[in-house]
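From the sequence below, what's the structure:
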Amino acid sequence: MFEIHRNANGELTFAGRLDASQAEKARKALDAVAESCTIDFAGLEYISSAGLGILLATQKRLSESGQCVRLAHLNRHIRDIFHIAGFDLVFEIE
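Now for the predicted structure:
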């Protein structure tokens, strides 16, 4: 199961497992983001290559207008995935 919530200050929270079966849900939510945002990964247990691709596409789209995606509270496993993929150089990780 994968859930996305937006709090009052516009921060997104991802929880559960972001895999290929949930990629469309994540894409729709991130397509609606037009300004820099923070995504809180505290509740995210797993992210697949499909999820990584959606995040990368969002970062690329936002960077074209001087905006960015920041990521917060990555667990050790997900942080390792971002490091191995080189995404720690693409995203601001808090």
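
Could you use CA atoms for every contact and neighbour count after this?
OK.

Name the residues of the host helix or strand of residue 62 that are buried.
Here residue 62 sits within helix 49-63, counting by DSSP states H and E. The neighbour-count check on helix 49-63 (16 or more other Cα atoms under 10 Å) flags 50, 51, 52, 54, 55, 56, 58, 59, 60, 61, 62 as buried.

Let me see the confidence value for the fourth one.
As summarised for this prediction, residue 54 has a pLDDT of 97.

Same question for the first one.
Note on residue 50: pLDDT of 96.

For it, which non-adjacent residue is spatially closest?
Ranked by Cα to Cα, 6 or more residues apart in numbering and with sequence neighbours excluded, the top spatial neighbour of residue 50 is residue 20, at 5.4 Å.

what's the neighbour count on the one you found?
By other Cα atoms under 10 Å, the residues close to residue 20 number 14.

Ok, residue 32 next?
Residue 32 sits with 9 neighbouring residues when counted by other Cα under 10 Å.

and the gap between it and residue 73?
Distance from residue 32 to residue 73, counting by Cα to Cα, to the nearest Å: 22 Å.

Nearest residue to the middle of the chain?
Centroid-nearest residue in the chain: residue 55, 4.9 Å away (criterion: Cα atoms, centre = their mean).

Skipping its backbone neighbours, what lies nearest residue 68 in space?
Using Cα to Cα, 6+ apart, the nearest residue to residue 68 is residue 36, at 4.6 Å.

what's near enough to touch the one you found?
62, 67, 68, 69, 70 (Cα atoms under 8 Å, 6 or more residues apart in numbering).

phi, psi of the residue nearest to residue 50?
Reported as degrees, to the nearest 10, the phi and psi values for residue 20 are phi -60, psi -30.

The lengthiest strand in the chain - what's its average pLDDT?
Longest strand of the chain, by residue count under DSSP state E: strand 37-47. Mean per-residue pLDDT for strand 37-47: 96.
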